[in-house]
Each structure stands twice: as C-alpha cells, then as structure tokens.
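Asks: No letters, just coordinates:
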C-alpha cells in the first residue's frame, strides 16, 4: 500500500507542475491521524489544494478518505475492505505472510557468538548469539540464502594461560588462575609465553595432550549451549586454522601495506584515514596477532563460501580495531572488504556491574538462564524468551542493564508478555474449534487490524537497518493492541461479528508466531 501511495503522490506532484518531487510517506504515530501520512502538503504548500484535489479524484478503492491537517500533512485512512482483505491474506499465507524478496539472490554469511575455548560462555556471548541469530532469521525471511559462522579463538595467550594452569592440576577455572599468575608472577609469565609458542608449533606432547582435551571439552559444552539457544552453525572457523594464512598474507604485503619495524610488523591506519591508528599484525615473537588472524579469517571464509555479503557481529570494544583491520583488508582484497559489514553491539551487564574474566567475576550464560528459570516456574522457553527480548528490544549498539524483574513482567515490554499474548490467541482458537472468516459482520475497524498489515514493512525495515529492535517494538505494540481488543470484545459468542473477530485472532497469532520466530523466541501455545 505504501508503494501505491508513493506512486499516486508522485503523479499528483508532477501533474501540478512539480518536476523534482521530494516527500515521505509514513505511518502517523497516532492512529487517529490516519494509516499513512505524507508531508507533501507542507513541502509544496502553495500547491496543496491542487495536490489534494488530484489525490481525491484518483484515490484507490483501498483508501476511504483523505484529510489535510495542521500545517499541511495529508493523511490517508484505509477502508474496511482493505483491512478485511489484509486479514484474509494474512490467514491464507499463514507462516509465509510477511516474507519478502528484498535480498533474493544474495548469499549472506553472518558470523556471531565467537565463544573462545578454555573460557566460559558468558553473557557477552549470549548477547552476540541473540543478535546474530535474529539477524540471520530476518535476512533469511527477506529472501537471502543464509549461512551461519562461528569464529573461535582456540590459540593465543588466553589459551596458554589456561593450559599452564591445567598442567598444574587446575580444572575448575583454569583461565582465571592462569590470567592471575601471568599478571602477578614473572616466572609464570615466561612459562606461559613459552607454552603459547608450543601450542602454535605443536612441539610438546604433554602440552598437546592437555590442549587437545581442553579444546574438545570446551567445544562440546558450547554445542550444548547452542542447542539450548536454538542456533545451528554451518561453519566453524578457528584461529589455529587462519593464523598461518593471515601471517603469510601480511608478510607478502610488507613494504606495500605493512611495515617491518625492529620487532613487530605494523599497519599505519592513520596514513589512510585520520580516524584510524597503528596496530601490530605480527608481534616481535613472529606470531600473528588477532589482526592478522582476522585478515586470514576473512579470506578463509570467502574461500569456503562465495558470499555476496558478510556480516560480523561482535562486542563494540573492538569497534575501532575492526576499522583498522578492514582498511588493511581493503588495500589487499578490496572486493572482500567491500562485502564485509561489522555490526558492533553494546555490553550486557547486571546491576552489580561489568563482568571481568581477569578477576573471575564472569557472569556465565548458564547461570543467568538458571536464575531467570527459577523466577518463571522452571520454564526454559519462557526464561530464554525473557533474556532474548531484553537484548533485542533496543538498538544493537546500546549497553543493557539486565533487570530480571522487568524481563519477566507480564504487564508489557517483555518476552513473557509476547509469549502470553500468543498463547492467549491460540487458546481462543482452540476453544472456538474453528477459524474465523472475514465474511462475518463487524461494527467498526479495530485498532489491531490497523497494525497487523504493517508486518511486511517492519520486517523489511529491520533488514535494511540491521535492527531487530524494530521488530521487537512492533510485536510489543500489537500484543498490547490485541490484549485491549480481547478485553473489549466478546470473541467466543453467537453474535454475527464473532467469526470476524476470530479472523482477527487468527491473523494476530500468525503474525506474532512469525515475529517471535525471527527473534529466536519460542511461540508457546500454553502458559
């Protein structure tokens, strides 16, 4: 409908002599102001009356009336027939309603979660996973072929610290013990640095044994968490695999992109962009840094899957670092750099403050899930819905303070609220023993009808902006509207309007179910 109105308004403006048209069509915040509104009457005030006359003479049958308000906003009110047809379409298409072809033909790889073996799967990984999975589903819903990737740091100093502690019999939290020793003990630091080299070159049988067993155990534990969260990765990439490739690429470009100093090999990002800085790509020990490994990872990912778009979801603490890496990649492999988008997200904290793996004050994903489960009668689907909703309800870049009480509120603005609304609609349809139809009588157009048809627009906007919070906000809006509808209207009775009301209930359930799926939240049938 928005496209129809855009075309109609454009024709109106050209008809009254305006050659270069410039206007917007959007939904008014207040439904009393119509279903669509345009600022064309303000932009071209001296032609306002002519524009409105043209629109009234040529308005499509889906538009009931057109009004001019305030300084010249032109508001469009859609007809009862339009809403009846939209309900019919929603219920006919069911789980396919709202799917678009916006990215049809695109091959998209989304990398997210990136939990590192030998360290805990903490709430930061939970945040990356929730965002990455939601984006993956939104991209898929919009017609793209999607593959999910997980890049994991299975080599590096964090691994060496854990292995050092494990060699000394530490099993419960080896990384924390090794990290403390590295900071506090000079001898331990030397030993850990030596172990780091041994892990890279596989030169010590005992170190290899401890490393291999620890890596296997970590990855198995991560798989259990992925299954719980509803994520299944298509590709796993590891630093141990891409480190050599990254180092080779950097060395081949010394003198062209990188500079060899007395010790490390560096990249002077500020030479290309004043907002960038210098970073080390090969350290003084001759080992590739995270930067070189990321170069290798980008190339390796493209070799495995010839994507048209690559999206990388990480915490925003590496935002500036990633800009430097992408600039270096651009100079070596411009096409791959052009295909790559970095989406940094904020931090997830509890009211007590930020977590720290250095001190051992890590808030694990498992512990948070279990704590929320206790508050929702041990229902894991509801607990996970509460957590994911809290993460996805606001813009990706913002930090989040996780308040358990708010996350499980049944009063609105929570995953529980959405799941409960879906369960209520399902129960109504089960009690009715039948679906509704739009041939039933109705006295008025209900607010919920004026929101449900917008679902495809919201889905497309969520894709374009890489912003699941658009969808989360919309689902919260329609849940509130549906609950008001349920409170005011008798759905299950013998009145002539009952079948139409059931059609509304069915349409709401279809949209809510699809929206929850895209957010990675289970649409429960009973609560």
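Replies: Looks like it came in fine. Please read all numbers here as calculations on a predicted model, not as lab measurements.
Asks: for the stretch 401-527 of the chain, what spans make up the helices?
Replies: 404-407, 415-432, 449-452, 455-464, 468-488, 498-519 (DSSP state H, counting those that start in this stretch).
Asks: Among those helices, which comes closest to residue 270?
Replies: Taking CB to CB, helix 455-464 is the member of these nearest to residue 270, at 32.2 Å. For every residue, glycine as well, the C-beta is placed using N, CA and C.
Asks: That closest one vs helix 468-488, what angle?
Replies: In terms of direction (axes from the mean of the first three to the mean of the last three CA atoms, to 10 degrees), helix 455-464 departs from helix 468-488 by 160 degrees.
Asks: The closest residue in space to residue 480 that isn't next to it in sequence: what's it in contact with?
Replies: Excluding the flanking residues, the one nearest residue 480 by CB to CB, 6 or more residues apart in numbering is residue 412, at 6.1 Å. Residues counted as contacts of residue 412 (CB atoms under 8 Å, 6 or more residues apart in numbering) are 476, 479, 480.
Asks: you'd agree the second one is up against residue 512?
Replies: Which is residue 479. Yes: with contacts counted by CB atoms under 8 Å, residue 479 reaches residue 512, the gap being 7.0 Å.
Asks: residues shared between the contacts of those two?
Replies: With CB under 8 Å, 6+ apart as the test, residue 479 and residue 512 both reach 418, 421.
Asks: Show me the helices in the stretch 51-200 of the chain, by range?
Replies: Going by DSSP H, counting those that start in this stretch, the stretch 51-200 of the chain shows helices at 80-93, 123-141, 157-167, 174-184, 186-201.
Asks: Give me the neighbour count for residue 382.
Replies: Residue neighbour count, defined by other CB atoms under 10 Å, stands at 24 for residue 382.
Asks: Name the nearest residue to it, ignoring sequence neighbours.
Replies: residue 376 (4.5 Å).
Asks: Identify the residue nearest residue 72 in space, chain neighbours excluded?
Replies: In space, residue 72 is closest to residue 41, 3.3 Å off (CB to CB, 6+ apart).
Asks: ok, that neighbour to residue 69 distance?
Replies: 9 Å (CB to CB, to the nearest Å).
Asks: more crowded one of these two?
Replies: residue 41 (24 against 13).
Asks: what comes up buried for the strand or helix carrying the more buried one?
Replies: For residue 41, the element it lies in under DSSP states H and E is helix 40-43. Using 16 or more other CB atoms under 10 Å as the test for burial, helix 40-43 gives 40, 41, 43.
Asks: Generate CSV for those, with pLDDT and distance to residue 317 as supplementary columns.
Replies: Formatted as CSV, those follow (pLDDT from 0 to 100; distance: CB to CB, whole Å):
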residue, pLDDT, distance to residue 317
40, 92, 45
41, 89, 47
43, 88, 43
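Asks: Which parts of the stretch 251-400 of the chain are strands?
Replies: 259-260, 265-268, 278-282, 309-315, 340-345, 348-349, 400-401 (DSSP state E, counting those that start in this stretch).
Asks: Check the ones you listed for me: which has the lowest mean pLDDT.
Replies: Among these, strand 348-349 carries the lowest mean pLDDT, at a mean of 88.
Asks: That strand: partners in the sheet, and parallel or antiparallel?
Replies: When pairing is defined by DSSP bridges, strand 348-349 lines up against strand 400-401 (parallel).
Asks: ok, and what's touching the partner strand?
Replies: Contacts for strand 400-401 (CB under 8 Å, 6+ apart): 127, 346, 347, 348, 349, 350, 351, 390, 391, 394.
Asks: 10 Å - rerun?
Replies: 123, 127, 345-353, 390-394 (CB atoms under 10 Å, 6 or more residues apart in numbering).
Asks: how much distance is there from it to the middle of the chain?
Replies: When C-alpha coordinates are averaged (CA atoms, centre = their mean, to the nearest Å), strand 400-401 and its chain have centres 16 Å apart.
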